[in-house]
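In: Sequence and predicted structure, then a few things I'm wondering about:
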Amino acid sequence: MSGDVAILGAGMHPWGKWGKPFVTYGVAAARAALEDAGVAWSDVQFVVGGETVRNGYGGYVAGSTIARALGWNGARVATCYAACASGSAGIEAARTRILAGLCDIALVVGADTTPKGFLAPNAGERWDDPDWLRFRLIGATNPAYFGLYARRRIDLYGASPADFAAVKVKNSRHGLHNPYARYRKEVSADEVMESPVVADPLRLLDICATSDGAAAVVLASMDAARRLGVANPVRIRSVSTVSPTFPNTVVDLPDIATDSAAAVPAPALSFRESIAAAAYEEAGLGPEDLSLAEVYDLSTALELDWYEDIGLCQKGEAEKLLHEGVTTLGGRVPVNPSGGLACFGEAVPAQAVAQVCEVTWQLRGQAGERQVEGAKVGLTINQGLFGHGSCVILSK
Amino acid sequence: MTMRVPAVEGWLTVDDQPALLGRKCPSCGTYMFPPTGAWCPNPSCSCDELETVALSRTGTVWSYTDAQYQPPAPYVSPTDPYKPFAIAAVELAEERLVVLGQVASGYGVAHLHVGAPVELVVEPLDYADEPDKMVWRWRPTSPDATAGGDVAGGEPR
């Protein structure tokens, strides 16, 4: 298809917590991706860095910081900030430049060094900043929002904390053999349900940690891939970076209130549903085509929301799908075969790129003991703060 | 009695019938909270002269949670040691929007369920040195929601 872009290489630095400069991780991931692609750094024409707002000066201009660390090669540079969606925003920038015929080979890198504990706004008194005010006035941390979503599953659909724990049990098993995962240890349902409550009904082991890590992909035009001798690369079929449609009636981080539906009725699809819908439409594919999905399990309960938002099942049926084993390795559509955020922890600007790395390896059949047999089509999805959709559909 | 003031000027009234102050578009009827934008958020409306209006003082719980761990700064704990509190997302029927807020002191997640009725009250934001600075809180009003008991949350209901 003319709209396809090839993934020539994927590379990651393992996730962990070392507190080194983010560029250290980013360079390691970039070099791994270039080696995997068999492409020389000097042949990269466009570099995109996923930006984060906590890494200090260099982190604000991630693209050029990493390009400089690799050694200035004259490539054009861009830096993308879309919170958790920064990585896919970077992939979209590279993809569209390739599809426009403005370059053949591009490198996208996301790297992060995260502070310990809750993610929090930068210091200072900012009485006009909603992100600062939600902490100051309400004490609403990120897990508080995850708690709100999780509670709705319980009160509306009859979900239970045991259902949420089962997500963690599944993902911890998936991540056991992933060399890039930070947590490679089986977790039992009892361990989850005996861990301390953070944001009712969610407990410590229901909520993902924050991590250091980096991921990179080398993208190329289909013609360039063929010239380089790669006849059947993994292809990006679509990228959805949609924003919400007014009125967005689900309260999203970091907002204190939703839009009002007093004058305009809420759209048929919620924001999260619309992210996947746009990707399916562009790819000409549907949920029935998926072999696997990497979804943003910031919390165990949120993974269940995603099953419904990407169309694997109807509203309120995610728990059933989970317990039937459909989303477990060996099931019809394994979800988070990488182990997900449960095993990685979140490295914000790297995570969406890491999701694409995992699907690339799965589609190539290189995922080792976590391989999804016969994987043909994979989807990655997440939602970034401030209205950033992020969904990538890939196929063989 | 000391003079009570809103924690954020222009966001709420703090008299006996306290209310959040939102904006309303006189052209299309869309509401907005917080009252920070000067233009209508409806994409098919270009009105930029919104009216300031008091929002409904009652609503129903869209969802709720609590904060068992002390949130990081800029949150300031009113007590030492820290005491957990609950948070509710409350749907206002007329305005058709959902507003977050802490749940009134004395109430926890055990007093709440999705759809439960609540009303707006004001309580000190609890600056030790600024006890008159008031913030909005949601107080459960169903007959079975009596303040007290294990307000720290504990087991989910």
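Out: That came in fine, so what should we check first?

In: Now the top strand by length along chain A - C-alpha only, PDB.
Out: Longest among the strand segments of chain A by residue count, using DSSP state E, is strand A:5-16. The C-alpha coordinates for strand A:5-16 follow below in PDB (Å, rounded to 0.1, in the frame of the first residue of the first chain):
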ATOM      1  CA  VAL A   5       6.200   3.000   5.900                       C
ATOM      2  CA  ALA A   6       8.800   0.400   6.800                       C
ATOM      3  CA  ILE A   7      10.300  -0.300  10.200                       C
ATOM      4  CA  LEU A   8      13.900  -1.100   9.400                       C
ATOM      5  CA  GLY A   9      15.100  -1.300  13.000                       C
ATOM      6  CA  ALA A  10      14.000  -1.400  16.600                       C
ATOM      7  CA  GLY A  11      16.200  -0.900  19.700                       C
ATOM      8  CA  MET A  12      15.800  -0.400  23.400                       C
ATOM      9  CA  HIS A  13      17.800   0.300  26.500                       C
ATOM     10  CA  PRO A  14      16.400  -1.800  29.400                       C
ATOM     11  CA  TRP A  15      14.000  -0.200  31.700                       C
ATOM     12  CA  GLY A  16      15.200   0.400  35.300                       C
END
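
In: what packs against that strand?
Out: Counting contacts by 3 or more CB pairs under 8 Å, 6 or more residues apart in numbering or on different chains; DSSP states H and E, strand A:5-16 packs against helix A:22-37, helix A:86-99, strand A:212-221, helix A:222-227, strand A:234-240, helix A:348-364. (C-beta placed from N, C-alpha, C; glycine too.)

In: Hey, what's the angle from that strand to helix A:22-37? Just curious.
Out: Angle of strand A:5-16 versus helix A:22-37, following axes from the mean of the first three to the mean of the last three CA atoms, to 10 degrees, is 140 degrees.

In: Let me know the angle separating strand A:5-16 from strand A:212-221.
Out: Relative orientation of strand A:5-16 and strand A:212-221, computed by the same axes, to 10 degrees: 170 degrees.

In: Quick check: A:Arg151 vs B:Val109, distance?
Out: Look at A:Arg151 and B:Val109: by CB to CB, to the nearest Å, they are 8 Å apart.

In: For B:Pro81, the count of nearby residues, please.
Out: Applying other CB atoms under 10 Å in any protein chain shown, we find 6 residues neighbouring B:Pro81.

In: what's the answer for A:Ser42, then?
Out: A:Ser42 has 11 nearby residues by other CB under 10 Å.

In: Quick check: which element contains the nearest residue to it once chain neighbours are set aside?
Out: Nearest residue to A:Ser42, sequence neighbours excluded (CB to CB, 6 or more residues apart in numbering or on different chains): A:Asn73, at 5.3 Å. Using DSSP states H and E, A:Asn73 falls within no helix or strand.

In: Next: B:Thr60.
Out: Assigned by DSSP H and E, B:Thr60 belongs to strand B:58-67.

In: so who does residue 88 touch?
Out: If you meant another chain, say so; for now it's chain A. In this structure, A:Ser88 makes contact with A:82, A:239, A:241, A:352-353, A:356, A:380, A:382, A:390-392, judged by CB atoms under 8 Å, 6 or more residues apart in numbering or on different chains.

In: my question was about chain B
Out: B:61-64, B:100-103, B:112, B:118, B:138.

In: Identify the bridge partners of it.
Out: For B:Ala88, the beta-bridge partners under DSSP bridges are B:Tyr64, B:Gly101.

In: ok so, going back, OK, contacts around the residue nearest to A:Ser42?
Out: So A:Asn73 contacts A:41-42, A:44, A:67 (CB under 8 Å, 6+ apart).

In: Closest to A:Asp206 out of those?
Out: Lowest distance from A:Asp206 to the contacts of A:Asn73 (CB to CB) belongs to A:Ala67, with 38.5 Å.

In: for that closest one, helix, strand, or coil?
Out: Secondary structure, DSSP: H, G, I helix; E, B strand; the rest coil: A:Ala67 is helix.

In: quick one: B:Trp136 and A:Arg126, what's the gap?
Out: Here the criterion is CB to CB. By it, B:Trp136 lies 20 Å from A:Arg126.

In: Which one's more surrounded, those two?
Out: Neighbours of B:Trp136 and A:Arg126, each counted by other CB under 10 Å, are more numerous for B:Trp136; the result is 29 against 14.

In: what sits against the more buried one?
Out: By CB under 8 Å, 6+ apart, the contact list for B:Trp136 reads B:11-12, B:18, B:20, B:101, B:120-122.

In: Regarding it, what is its secondary structure?
Out: Assignment for B:Trp136 (three-state DSSP): strand.

In: Looking at it now. What's its pLDDT?
Out: Per-residue pLDDT puts B:Trp136 at 98.

In: Pairing partners for it in the sheet, please.
Out: On the basis of DSSP bridges, B:Trp136 is bridged to B:Val122.

In: Quick check: closest non-adjacent residue to whichever residue of chain B sits closest to chain A.
Out: Of all residues in chain B, the one sitting closest to chain A is B:Thr65 (2.9 Å; CB to the nearest CB). Leaving out its chain neighbours, the residue that sits closest to B:Thr65 by CB to CB, 6+ apart is A:Gly147, at 2.9 Å.

In: Mind telling me what element the one you found is part of?
Out: helix A:142-157.

In: Would you mind pulling the contact partners of that helix?
Out: A:118-119, A:159-161, A:163-164, A:198-202, A:206-207, A:251-253, A:298-302, A:304-305, A:315-316, A:318-319, B:62-67, B:87, B:89, B:113-115, B:156.

In: Now for residue 38: which residues touch it?
Out: Picking chain A for this. Applying CB under 8 Å, 6+ apart, we find A:Gly38 in contact with A:8-9, A:228.

In: wait, chain B
Out: Applying CB under 8 Å, 6+ apart, we find B:Ala38 in contact with B:48, B:50.

In: Kindly report the same for the one 4 residues further on.
Out: For B:Asn42, the contacting residues are A:246-247, A:263-264, B:25, B:28, B:30, by CB under 8 Å, 6+ apart.

In: Now tabulate these in a markdown table and tack on distance to A:Ala111 and pLDDT.
Out: Shown next, in a markdown table, are the contacts of B:Asn42 (distance: CB to CB, whole Å; pLDDT from 0 to 100):
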| residue | distance to A:Ala111 | pLDDT |
| --- | --- | --- |
| A:Phe246 | 34 | 98 |
| A:Pro247 | 36 | 98 |
| A:Ala263 | 43 | 97 |
| A:Val264 | 40 | 97 |
| B:Cys25 | 43 | 98 |
| B:Cys28 | 44 | 97 |
| B:Thr30 | 41 | 98 |
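
In: List just the nearest of these to B:Tyr82.
Out: Using CB to CB, A:Pro247 comes nearest to B:Tyr82 of the contacts of B:Asn42, at 35.8 Å.

In: so A:Arg272 is in which element?
Out: helix A:271-283.

In: any weak-confidence spans in chain A?
Out: Along chain A, the parts satisfying pLDDT under 70 run over A:1, A:54-59.

In: Count residues in the vicinity of the residue in it that chain B sits nearest to, would you?
Out: Nearest residue of chain A to chain B, counting by CB to the nearest CB: A:Gly147, 2.9 Å away. Neighbours of A:Gly147 under the rule other CB under 10 Å: 31.

In: Same question for A:Gly11.
Out: A:Gly11 - counted by other CB under 10 Å - has 24 other residues nearby.

In: One more: A:His323?
Out: A:His323 has 13 neighbouring residues, counting by other CB under 10 Å.

In: Perfect, that will be all.
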